[in-house]
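Student: have a look at this prediction, sequence included:
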Amino acid sequence: MEELNKDVQYVKGIGPKRAYKLNKLGIFTLKDLIYYFPRQFEDRNNLKKIAQLDNDEKATIKAVITGIETSSPKKGMTLTKVCVKDETSSAKLVFFNQPHIKNAFRVGDMVLVFGKVKKSYKNVELTSCEIEFFTKSPKNTCKVMPIYPLTYGVTNKEIMSIMKTVLDSEELKIKEYLPINIIKKYNLCSIDYAIKNIHSPQSKDSLKVALYRIIFEEFLILQMGLFLFKSGINDCKGIKFNKNENLDNIRSSLPFKLTKAQSRALNEIIDDMASDKIMNRLVQGDVGSGKTVVALLSLANCVLNGYQGALMAPTEILAEQHYAYLSDTLEEFNINVELLVGSCTKKQKENILKRVKNNEIDILIGTHALIEDTVEFSNIGLVITDEQHRFGVRQRSRLSDKGKNPDIIVMTATPIPRTLALILYGDLDISIIDELPPGRQPIETIAIDKKKRERVYNNLVRDEVQKGRQVYIVCPLVEESEAIEAKAATELVEELKSQYFSDLRVGLLHGKMKSSEKDNIMKMFKNKEIDILVSTTVIEVGVNVPNATLMIIENSERFGLAQLHQLRGRVGRGVHKSYCILIYASKSEVCRQRMSIMEETNDGFKISEKDLEIRGPGEFFGTRQHGIPELKVANIFKHMKILKLAQQEARYILGEDKNLNFEENKLLKNEIFDKFKYTLEEISLN
Ligand code: ADP
Ligand code: MG
């Protein structure tokens, strides 16, 4: 039996030369090879008589060769026309630059031909032809053909022939790893059958059976992995928080009434906190829907019960902002809020840590500094992570490790469809804030060619500033380096100051600045001492300055839709009409499509769905961050029903055998660990 993790170069029929090409396709082991699935399939089963062929269709015919002509219409080009006929009519097969055809076939040969039909008044031609001698088991016609994703230097035929050699080999028997009862329960074919039929389908039906099995398996493994590694479905007892009437006092001290959606989310949280089950809740709300105040009241509920709370934000700017808001609001209720960020001095930090440990601090707010080992709480009861899509799995779980089963809330403004959320965060309960506070006007979004940038500066920007409003200009995203991004931002500020806005107050904010500088700039912007804030994406999440009404995003084609939506969410936070200008420098169809989605809708749920469709889940969530293995055949949108079945089954299996130690689950466990290698590396390295 062949070892699946064997280097492809040592597989019979491959050798170093072919192995080198395969490596370029990301194929290193035998397993990589047999799991290198076709991108699509071409049905060459459509066997027709010549007289029945339709113009433009792709079809296969069986015919006899009646003549072969070659000519050279241009220098360096050979044109071969093979005349064929069957019982019904005759046709010509057209080949460009394939002179060998003339020697390979003769008049009188019976052949099978697959090609594209060009039909005119007088004659029928087939182009892009595959031709082979008629046999009982044809290789390139009369069947469903796999079409592989390829790179330069490797042809589809070559991959097909490699696959054939490998899969026909007596030694190769792919061992089943799904438990037999699952195979039976869902009527799945064996993995051996699935792999063989995906690479060389016996028929359309057998291909379907094969694909079904792979889709089910991909979803099952994904779901089980997510349950196993991310959530650790737990049945430990959590804390019971009683409802405290002081919470109503805090609530009525707010300058506004909660929206219905906020109230509903808050009630769900409070009820959940009152039970002795550990809360694991995802709060999804569009940008500006008012998640912070829900977090504030939840934390207050925790503190009123005598426990400590923690709030973790992805950036210092956001942590500062939360700190200012929570400490202001909660001070009069004797709730002690403190801020711990990377830029605290050693002394400040020591002092905070001591007080946290002695239970002198009720709510600790911070960035990832909160998950450092030195932070020890006295009795933590609730941990909230804001903008959770910015944090890795590991960071979240480490914060909750700090207490004895604290309740957990994660908040995100990159909403994803509920069905999807259930898959990715299958263990979480979900609250949705699907309503904006009253009085908000939709943000008007306009995509504009880079050439018209000056007009935006000279008109829109000036108008808004004249009205007393403020403006954000976001610089292009530079993936590789915060330093280059900072440089670009600095240059833009210079350009704006010297060419357009010498009379206005232009500020600069980027990730390379010291936090005290950043704070200072944000404070000035809040206090209306800056008219135009030029920034990198450090302002992407959470920042709240209601007087800002114009968001300009340079090179907006470089951002993902969800990210554009986040950035746009920095405006439209107050009562004034707000605008978002997306400046683009690309003429591509995809760019156009994306810009128009942004122009058409302000609904984050819709946007993220579109984004997911365009980019696929891996990229959307950042495979790295989420450790989600690639789905090769399965598609979350197309195969939702299978996904639900797989999810149910995953729950069931883990319900019976939490750590997959039963004998029948051992091989499946190996597969899961193999697929989630990356996630595991991330966890064990740190
Ligand atoms: P996000 O959900 O994006 O985190 P925030 O919590 O920052 O939104 O809230 C956005 C703005 O809306 C803030 O200025 C906040 O004070 C305000 N706000 C929140 N809830 C309400 C409400 N019920 N009525 C009026 N304004 C609200
Ligand atoms: Mg927020």
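Tutor: Thanks, I have the structure now. Ligands and ions are numbered 1, 2, ... in the order given.

Student: what does the stretch 551-686 of the chain put close to ligand 1?
Tutor: Neighbours of ligand 1 within the stretch 551-686 of the chain, by C-beta under 6 Å from any ligand atom: residue 573. All C-beta atoms are positioned from the backbone trio N, CA, C, and that covers glycine.

Student: switch to 8 Å and redo it
Tutor: With the criterion set to C-beta under 8 Å from any ligand atom, the stretch 551-686 of the chain comes near ligand 1 through 569, 573-574.

Student: with the chain instead?
Tutor: Contact residues (C-beta under 8 Å from any ligand atom) of the chain with ligand 1: 254-259, 262, 285-295, 325, 386, 411, 413, 433, 437-439, 542, 544, 546, 569, 573-574.

Student: so where's the stretch 51-200 of the chain uncertain?
Tutor: Scanning the stretch 51-200 of the chain for pLDDT under 70 picks out nothing.

Student: right, and the secondary structure at whichever residue of it sits closest to ligand 1 would be what?
Tutor: In the stretch 51-200 of the chain, the residue that lies nearest ligand 1 is residue 149 (39.7 Å; C-beta to the nearest ligand atom). Three-state call for residue 149 (DSSP: H, G, I helix; E, B strand; the rest coil): coil.

Student: contacting residues around the residue nearest to it when sequence neighbours are not counted?
Tutor: If the residues on either side of it in the chain are set aside, residue 149 comes closest to residue 39, at 4.4 Å by C-beta to C-beta, 6 or more residues apart in numbering. Applying C-beta atoms under 8 Å, 6 or more residues apart in numbering, we find residue 39 in contact with 147-149.

Student: same thing with residue 97?
Tutor: Residue 97 is in contact with 77-78, counting by C-beta under 8 Å, 6+ apart.

Student: rerun at 6 Å
Tutor: Residues in contact with residue 97 (C-beta atoms under 6 Å, 6 or more residues apart in numbering) are residue 78.

Student: what residue ranges in this protein score low on pLDDT?
Tutor: Counting by pLDDT under 70, the ranges of the chain that qualify are 1-2, 230-236, 388-404, 415-427, 477-480, 540-542, 614-628, 678-686.

Student: quick one, domains of it?
Tutor: 1-43+155-173, 46-142, 246-275+290-412, 444-601 (automatic domain parsing).

Student: the last one: how far from the chain's middle?
Tutor: Computed by C-alpha atoms, centre = their mean, to the nearest Å, the separation of domain 444-601 from the middle of its chain amounts to 25 Å.

Student: what's the span of it, first residue to last?
Tutor: Domain 444-601 has an end-to-end distance of 9 Å (C-alpha to C-alpha, to the nearest Å).

Student: use 486 as the first number for this chain going forward.
Tutor: In the new count, where the first residue is 486, that last one comes out as domain 929-1086.

Student: what lies in contact with the helix or strand hosting residue 976?
Tutor: Here residue 976, judged by DSSP states H and E, is contained in helix 967-980. Surrounding helix 967-980, the residues in contact under the criterion C-beta under 6 Å, 6+ apart are 960, 963, 991, 993, 995-997, 1019, 1021.

Student: spatially, which two of these are the most separated?
Tutor: Farthest-apart pair in those is 963 and 991; separation 20.5 Å (C-beta to C-beta).

Student: what strand or helix carries residue 1019?
Tutor: Going by DSSP H and E, residue 1019 is part of strand 1017-1020.

Student: sorry, back to before: now, of the residues of the chain next to ligand 1, which are buried?
Tutor: Among the residues of the chain next to ligand 1, those buried by neighbour count (16 or more other C-beta atoms under 10 Å) are 743-744, 747, 770-780, 810, 871, 896, 898, 918, 922, 1027, 1029, 1054, 1058-1059.

Student: list the ones among these that fall in strands.
Tutor: 770, 896, 918 (DSSP state E).

Student: part of a helix, is residue 552?
Tutor: No. Under three-state DSSP, residue 552 sits outside any helix and is assigned strand.

Student: picking up where we left off before, out of the contacts of residue 524, who's the most crowded?
Tutor: Neighbour count (other C-beta atoms under 10 Å) singles out residue 633 as the most crowded of the contacts of residue 524, with 19 neighbours.

Student: next up, the contacts around the closest residue to ligand 1 within the stretch 886-1035 of the chain.
Tutor: Taking C-beta to the nearest ligand atom as the measure, the stretch 886-1035 of the chain has residue 922 as its residue closest to ligand 1, at 3.4 Å. Residues in contact with residue 922 (C-beta under 6 Å, 6+ apart) are 744, 775.

Student: give me phi/psi at it?
Tutor: phi -60, psi 150 (degrees, to the nearest 10).

Student: next one: stretch 679-699 to chain centre, how far?
Tutor: 28 Å.

Student: start and end of it, how far apart?
Tutor: End-to-end for stretch 679-699, by C-alpha to C-alpha: 7 Å.

Student: now stretch 1050-1062
Tutor: 17 Å.

Student: other residues contacting it?
Tutor: With C-beta under 6 Å, 6+ apart as the criterion, stretch 1050-1062 contacts 772-773, 924, 926, 928, 957, 959, 1025-1026, 1028-1029, 1031, 1033-1034, 1036, 1038, 1063, 1065, 1089, 1092.

Student: rerun at 8 Å
Tutor: 771-773, 898-899, 924-930, 952, 954, 957, 959, 1022, 1024-1026, 1028-1036, 1038, 1044, 1063-1065, 1083, 1087, 1089, 1092-1093.

Student: identify each buried residue in it, please.
Tutor: For stretch 1050-1062, by 16+ other C-beta under 10 Å, it's 1050-1059, 1061.

Student: now do the end-to-end distance for stretch 986-1004.
Tutor: Using C-alpha to C-alpha, the end-to-end distance of stretch 986-1004 comes to 23 Å.

Student: who's in contact with that stretch?
Tutor: Against stretch 986-1004 from outside (C-beta under 8 Å, 6+ apart): 801-802, 805, 826-828, 942, 946, 950, 967-968, 970-971, 974-975, 978, 981-982, 1006-1007, 1009-1010, 1014-1021, 1023-1024.

Student: need the strands for the stretch 936-1085 of the chain, in chain order.
Tutor: Using DSSP state E, counting those that start in this stretch, the strands of the stretch 936-1085 of the chain run over 955-959, 991-994, 1017-1020, 1033-1038, 1064-1069.

Student: which of those strands sits closest to residue 862?
Tutor: Residue 862 lies closest, by C-beta to C-beta, to one member of the strands of the stretch 936-1085 of the chain: strand 991-994, at 32.2 Å.

Student: adjacent strands (with direction) for the closest one?
Tutor: strand 1017-1020 (parallel) (DSSP bridges).

Student: for the strand it pairs with, list the C-alpha coordinates in PDB.
Tutor: What follows is strand 1017-1020 as a C-alpha-only set of coordinates in PDB (Å, rounded to 0.1, in the frame of the first residue of the first chain):
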ATOM      1  CA  ILE A1017      -9.500  67.500   8.100                       C
ATOM      2  CA  LEU A1018      -8.000  64.300   9.500                       C
ATOM      3  CA  VAL A1019      -5.700  62.400   7.200                       C
ATOM      4  CA  SER A1020      -5.400  58.900   8.500                       C
END
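
Student: scan this protein for its longest helix.
Tutor: Looking across the chain with DSSP state H, the single longest helix is helix 689-710.

Student: tell me which residues in it are buried?
Tutor: 691-692, 694-710.

Student: in the stretch 736-885 of the chain, which spans are strands?
Tutor: Using DSSP E, counting those that start in this stretch, strands in the stretch 736-885 of the chain cover 765-770, 793-797, 822-825, 848-851, 865-870.

Student: just give the nearest non-adjacent residue to residue 563, would you?
Tutor: Using C-beta to C-beta, 6+ apart, the closest residue to residue 563 is residue 584 (4.8 Å).
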